[in-house]
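**Q** Quick one: sequence plus predicted model below, questions after.
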Amino acid sequence: MRILAINPGSTSTKIAIYENDRCLWKEGIDHPAHELKNFARIADQYEYRIKHILKTLSDNDAPLESFAGIVGRGGMLNPLAGGTYSVDEDLVNILQNAPGGEHASNLGGIIAYHLGRKISAPAYIVDPVSVDEMEPVARLSGLPELPRLSQSHALNMKAVSRKAALKMGKTYQEINLITVHLGGGISVAPHRQGKMIDVNNANNEGPFSVERSGTLPSYQLVKLCYSGKYSEKEMQTKILKEGGLYAYLGTKDAREAERRMNQGDAQAKLVLESLCYQVAKEIGAMSAVLLGEVDAIVLTGGMAHSQFISQEITRRVSFISPVMLFPGEEEMEALALGALRVLRGEEQALSY
Ligand SMILES: Nc1ncnc2c1ncn2[C@@H]1O[C@H](COP(=O)(O)OP(=O)(O)OP(=O)(O)O)[C@@H](O)[C@H]1O
Ligand SMILES: CCCC(=O)O
């Protein structure tokens with residue numbers, strides 16, 4: 001059974017072809033900034049991206065008609081349980097309106113639907129950014145007007161958690177994990193027997209990342225917002241795109257920061273150590289969520305490739321449980337396997 005997986009990012013679209021659970025081929029299509037700037041909204045890019053996907057498939061002799069299903073990354077929907085969802089016209093309309101905010105992953109379901117329709121094949125999304133399996137006690141922030149929102153790297157964290165469980169000879173439903181995605185954003189989530197029962201909102205809570213500020217001192221934040229120095233948009237950019245490592249060091253590349261540290265740059269060392277310190281602190285908090293019953297802590301995402309970063313986190317949290325490393329991300333495979341489970345009848349597709 002052949003599946004086309006589509007993962008739209010802010011500057012590229014990754015596509016992969018799977019024959020059952022085997023990846024046959026993978027490619028990233030870059031979208032230059034000057035082309036993307038012609039679109040007022042991210043959802044408006046779907047025809048442009050479809051054109052590039054079809055050309056890439058045709059250049060690689062992969063006819064659209066050969067696919068039994070098309071699966072895209074799911075975006076910022078209203079809170080929903082993890083799993084594989086069927087995409088129909090209603091869901092496409094919702095994704096077009098971006099209820100949870102603009103995010104490139106909103107395009108995943110829209111593109112999958114339109115490609116699927118061309119060949120009468122089903123379209124799916126898997127474990128969207130807004131997967132919400134939080135317990136009621138985790139939802140309060142301290143102000144009733146500002147409930148905590150579950151927005152995270154759920155797709156990769158759930159895929160890697162399943163792999164970690166397999167490595168331990170168990171299923172995802174049988175164990176408790178704290179899974180940490182160390183990417184452009186950082187998610188730290190306690191998974192209790194197959195459910196992600198809490199998570200820092202990777203857009204604006206928890207540790208700072210290479211580009212996001214993470215949790216900020218709220219009173220000082222209010223003062224900065226009203227200082228007259230920044231517009232609302234500029235403040236959002238500071239928090240989401242120009243915070244964290246970038247704000248302190250002017251780079252979003254953790255490898256560059258590490259190079260500087262190794263050449264004796266004390267500021268680079270402090271900032272990298274602080275990032276790891278904050279991640280470790282969040283892991284500690286999530287171990288309390290799991291009442292200390294943690295089978296393993298799992299580190300994944302691009303920064304888990306770094307020996308310094310993974311060791312620096314590990315030395316602070318290894319008293320809680322063993323630490324397992326799964327560097328990089330498994331998003332394409334997670335998409336394909338999510339669709340495959342449904343196409344094989346092993347799981348029922350959910351409806352949004
Ligand atoms: N081998 C490596 N050693 C150290 N850091 C690395 C390595 N590879 C990637 N990184 C760092 O990981 C960070 C981004 O990770 P990643 O590529 O997983 O993020 P992304 O896919 O852009 O974002 P996200 O995971 O949030 O969707 C960058 O700062 C990058 O420098
Ligand atoms: C909300 C976090 C997900 C991402 O950054 O892709």
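**A** Noted; the coordinates are in hand. Ligands and ions are numbered 1, 2, ... in the order given.
**Q** Against Leu350, how distant is the residue nearest to Ser130 when sequence neighbours are not counted?
**A** Leaving aside its sequence neighbours, Ser130 sits nearest to Leu77 (C-beta to C-beta, 6 or more residues apart in numbering; 4.9 Å). Where you see a C-beta, it was placed from the backbone N, CA and C, and this is true even at glycine. Leu77 is 12 Å from Leu350, where distance means C-beta to C-beta, to the nearest Å.
**Q** These two - which one has more neighbours?
**A** Leu77 (23 against 15; other C-beta atoms under 10 Å).
**Q** Reduced to three states, what does that one come out as?
**A** With DSSP: H, G, I helix; E, B strand; the rest coil as the basis, Leu77 sits in coil.
**Q** Does it touch Leu95 like I think?
**A** Yes: Leu77 lies in contact with Leu95 (C-beta atoms under 8 Å); the separation is 7.3 Å.
**Q** Tell me where the model's unsure across this protein.
**A** Of all residues in the chain, none has pLDDT under 70.
**Q** so where do the helices sit in it?
**A** With helices called from DSSP state H, the chain shows them at 33-36, 46-59, 89-97, 106-119, 154-167, 218-225, 232-240, 244-249, 254-262, 266-289, 307-317, 331-343.
**Q** Just the CA trace of the fourth one, in CSV.
**A** Written as CSV, here are the backbone C-alpha positions of helix 106-119 (Å, rounded to 0.1, in the frame of the first residue of the first chain):
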residue,chain,number,x,y,z
ASN,A,106,-2.6,24.1,8.8
LEU,A,107,-1.8,23.5,5.1
GLY,A,108,-1.2,19.8,5.7
GLY,A,109,-4.8,18.8,5.8
ILE,A,110,-5.9,21.2,3.1
ILE,A,111,-3.3,19.9,0.7
ALA,A,112,-3.9,16.3,1.5
TYR,A,113,-7.7,16.8,0.9
HIS,A,114,-7.3,18.4,-2.5
LEU,A,115,-4.7,15.9,-3.7
GLY,A,116,-6.9,13.0,-2.3
ARG,A,117,-9.9,14.3,-4.1
LYS,A,118,-8.1,14.3,-7.5
ILE,A,119,-7.7,10.5,-7.2
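**Q** Name the residues of the stretch 51-200 of the chain found near ligand 1, please.
**A** Residues of the stretch 51-200 of the chain lying close to ligand 1 by C-beta under 6 Å from any ligand atom are 153, 183-185.
**Q** which of the residues you listed are close to ligand 2?
**A** 153, 184-185.
**Q** got the phi/psi numbers for the residue in the stretch 101-250 of the chain that ligand 1 sits nearest to?
**A** For the stretch 101-250 of the chain, the residue closest to ligand 1 is Gly183, as judged by C-beta to the nearest ligand atom, at 2.0 Å. Backbone dihedrals for Gly183, given as degrees, to the nearest 10, come out at phi -110, psi -150.
**Q** Adding distance to Leu4 and mean neighbour count as columns, could you present the helices of the chain in TSV?
**A** Listed next are the helices of the chain as TSV, based on distance: least, C-beta to C-beta, whole Å; neighbours: other C-beta atoms under 10 Å:
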stretch	distance to Leu4	mean neighbour count
helix 33-36	22	11
helix 46-59	8	15
helix 89-97	17	16
helix 106-119	7	24
helix 154-167	16	23
helix 218-225	43	11
helix 232-240	30	14
helix 244-249	34	20
helix 254-262	32	17
helix 266-289	35	19
helix 307-317	33	17
helix 331-343	9	23
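**Q** Tabulate those helices (TSV), appending distance to Met324.
**A** Formatted as TSV, the helices of the chain follow (distance: least, C-beta to C-beta, whole Å):
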stretch	distance to Met324
helix 33-36	37
helix 46-59	34
helix 89-97	34
helix 106-119	28
helix 154-167	5
helix 218-225	34
helix 232-240	29
helix 244-249	24
helix 254-262	20
helix 266-289	13
helix 307-317	10
helix 331-343	17
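**Q** Tabulate the ones you listed in a markdown table, adding columns for distance to ligand 2.
**A** A markdown table is the format used below for the helices of the chain (distance: least, C-beta to the nearest ligand atom, whole Å):
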| stretch | distance to ligand 2 |
| --- | --- |
| helix 33-36 | 17 |
| helix 46-59 | 17 |
| helix 89-97 | 15 |
| helix 106-119 | 11 |
| helix 154-167 | 8 |
| helix 218-225 | 19 |
| helix 232-240 | 9 |
| helix 244-249 | 13 |
| helix 254-262 | 15 |
| helix 266-289 | 15 |
| helix 307-317 | 18 |
| helix 331-343 | 9 |
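**Q** Out of those, the one nearest Pro136 is which?
**A** Closest approach to Pro136 among those (C-beta to C-beta): helix 266-289, 13.0 Å.
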